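[1] please find the sequence and the predicted model below.
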Amino acid sequence: MTEEGQDFEGKVTRIKTSKYQRTAKINTTKMPLRKEQRKMEHKKKLIANAIEAAARSELLLPESTGYMESEGPLDKTFKVSQKEIKEAVDLQSRDKIFDLRLPEFGPYSAEYTKDGQFVLLAGEKGHISLFDWHKNVLKTEFHLKETVRDVCFLHNETMFAVAQKKQVFVYDYKGTEIHSLKTHADPYALQFLPYHFLLCSIGKQGILRYQDISTGALLQGLHTKLGPCSIMKQNPYNAILHLGHQNGTVSLWSPNSSQPHVKMLCHKAALTDLAIDRSGHIMVTTGLDAKVKVFDIRTYKKLFSYDTPSQRTVQTLDISHKGALGLGFGSHVQVWKDFSARRIKEPYLIHRLPFQNKINRVRFCPFEDVMGIGHANGFSSVIVPGAGEANFDTFEANPYQTTKQRRETTVVRLLEKIPSDMITLDPMAIGTVARDNSEKVLENQRLIYESQNPGAKWSKVKKEKKKMRGKNKIGKKVTQKERKYVENKQKNAQAEKKKMRGKNKIGKKVTQKERKYVENKQKNAQAEEEKASKQAKGKQAKEVSEGPATQEEVVQSALERFNKK
């Protein structure tokens, strides 16, 4: 191996592979079957190779992310305005800061595609606009003349769904209406699960509906029984939907259960919005109680709780690919950095909108240090340094894909569509060997003990065995068999006694008639036999008294019946 190869191997060994570990280490020693052990050992090798390949590819990533840093203790990053950022960045990045004045049909909602190339704007009064914000090319624009509550892209930018006043409509990139989903009545919020091809909606009726857009079938309609709901976000880790309700709770749903998997009481007042990070482990909620709370979904525990500035209600939330949290309240936008790792003392960035615009929705652009703000007077795009992921996977989302690549990607995703039955809280449990119930009970006991006694070590409590010698000897087994035989015999006797109750029932009467009929038949047969025997005896006695008959008498008596009387 060359020196360059040795240096490359050394760098790989120095990289921490823990961040690429997705599952716990598999223990094959407790498996009873050798065949299962071989399967799990092969799976362990595949997982180890995948982790090593991910660590190696990290060395080849061309770009690196970075944040703004202050030079001294008196300098603060949140004091830097967008005007100063625009003067400091290059010419290409300056075009990412712009404002669209649309005061007639607001407030506006904004959504980015998965690759971050297209933006979909929807005014509450019916204005819809789709454009490529990288090239400043307008794809379509039309007016519905109806209330629009929410919008979302489907598998790519060629199709998008609009939650209108009465039902959900699907349009293409030219603005042509493709489908009308009448079963999704009075929708308030929309979400699309890209790996399952499911369009989800919830609204005034409080019914969560799943529509398979690849087949057109309505998969499920679940009654939440918690009233109208306008807050719905998906967890990218396991495709579980998080619903925020007016009683301050957050419920977790999947199409495989008619009841919520988890219900969390997050606020004492109604929720206004919630957001889930890219890893699917952190959830941020905000409500009318003027609080912002951070939860760990893996343990369902609250990590931090913050009071909003000036006790204002936060209307919208969003989390970027690199973990930056965007908050929108009034005409102000704040960005928090590393909010899940430590308690935040000051914001990372602050942006104030002119004209006292009320912010309606905040969204981070994928793979870009850009945040889109939908407000009452249109749409604004601002730069947030370090918010986007610098390196992208072309098999997952390619911002530079061609038309041919887009078509091939659609076909591949349809072929690799995941069934809805596989949506669970723990997606890593699929394909693994089910553990014994006793192990699950012990694991639950350990988790409960550690949550109630933080810092204490949990030890398995062993039950004292009853020292009874010769418990399973042959004599004991024989007596047990005899005891069981006697018990079964007693049970059968009791059952027969129960059957004997009700002597005059129809079944009993029928058997009595049959029994009488048989007895009478036997008596008649006996009487006929006795009569026949008496006749035979009388003939014999007559023959003895008269003597034997001559041949002539026998012939004469035999021919007498032919004589005429």
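    Thanks, I have it. Keep in mind it's a predicted model, so treat the numbers as computed, not measured.
[2] just checking, which helix or strand of the chain averages the lowest pLDDT?
    When each helix and strand of the chain is scored by mean pLDDT, DSSP states H and E, helix 3-14 comes last, with a mean of 47.
[3] could you say what helices and strands the helix or strand just after it packs with?
    Using DSSP states H and E, the helix or strand that follows helix 3-14 in sequence is helix 34-58. Helix 34-58 sits against helix 3-14, with contacts defined as 3 or more Cβ pairs under 8 Å, 6 or more residues apart in numbering; DSSP states H and E. Where C-beta positions appear, they are placed from N, C-alpha and C, glycine not excepted.
[4] all helices of the protein, in order?
    3-14, 34-58, 82-88, 91-94, 403-415, 437-452, 474-500, 506-546, 551-559 (DSSP state H).
[5] minimum distance to residue 195: which of those has it?
    helix 403-415 (7.7 Å; Cβ to Cβ).
[6] in the closest one, what counts as buried?
    409, 413 (16 or more other Cβ atoms under 10 Å).
[7] please renumber the chain so that the first residue is 46 from this point on.
    Sure, I'll start numbering at 46, so the last one becomes helix 448-460.
[8] before we move on, back to that, the helices of the chain: which one's closest to residue 377?
    helix 127-133 (13.2 Å).
[9] quick one: buried residues of the closest one?
    Buried, per 16+ other Cβ under 10 Å, within helix 127-133: 127, 130.
[10] stretch 120-129 now?
    Applying 16+ other Cβ under 10 Å to stretch 120-129 flags 122, 125, 127 as buried.
[11] residues in contact with the closest residue in space to the first one that isn't next to it in sequence?
    Nearest-residue entry for residue 122: residue 113, 4.7 Å, with adjacent residues in sequence omitted and distances by Cβ to Cβ, 6 or more residues apart in numbering. For residue 113, the set of contacting residues under the criterion of Cβ atoms under 8 Å, 6 or more residues apart in numbering consists of 122, 125, 393, 394, 430, 431.
[12] does the fourth one have beta-bridge partners, and which?
    For residue 394, the residues forming beta bridges with it (DSSP bridges) are residue 380.
[13] ok, it - contacts?
    Shown in contact with residue 394 (Cβ under 8 Å, 6+ apart): 113, 122, 123, 125, 379, 380, 429.
[14] and if we set it to 7 Å?
    By Cβ atoms under 7 Å, 6 or more residues apart in numbering, the residues touching residue 394 are 122, 123, 380, 429.
[15] what about the first one, distance to residue 196?
    So that's residue 122. The span separating residue 122 from residue 196 equals 33 Å under the rule Cβ to Cβ, to the nearest Å.
[16] and what of the last one?
    Using Cβ to Cβ, residue 429 is found at 23 Å from residue 196.
[17] more neighbours: these two, which one.
    residue 429 (26 against 20; other Cβ atoms under 10 Å).
[18] so what's the closest residue to that one other than its chain neighbours bridging to?
    Closest residue in space to residue 429, ignoring its immediate chain neighbours: residue 416 at 5.0 Å, by Cβ to Cβ, 6+ apart. Beta-bridge pairing for residue 416 (DSSP bridges): residue 409, residue 427.
[19] is it true that residue 416 touches residue 371?
    Yes - at 5.7 Å, residue 416 counts as touching residue 371 under the criterion of Cβ atoms under 7 Å.
[20] common neighbours of those two, please.
    407, 409.
[21] thinking again about what came up before, out of the helices of the chain, which is closest to residue 152?
    helix 127-133 (20.8 Å).
[22] who touches the closest one?
    139, 142, 396, 427, 428.
[23] what about the last one, how many neighbours?
    The criterion is other Cβ under 10 Å. On that basis, residue 428 has 20 neighbouring residues.
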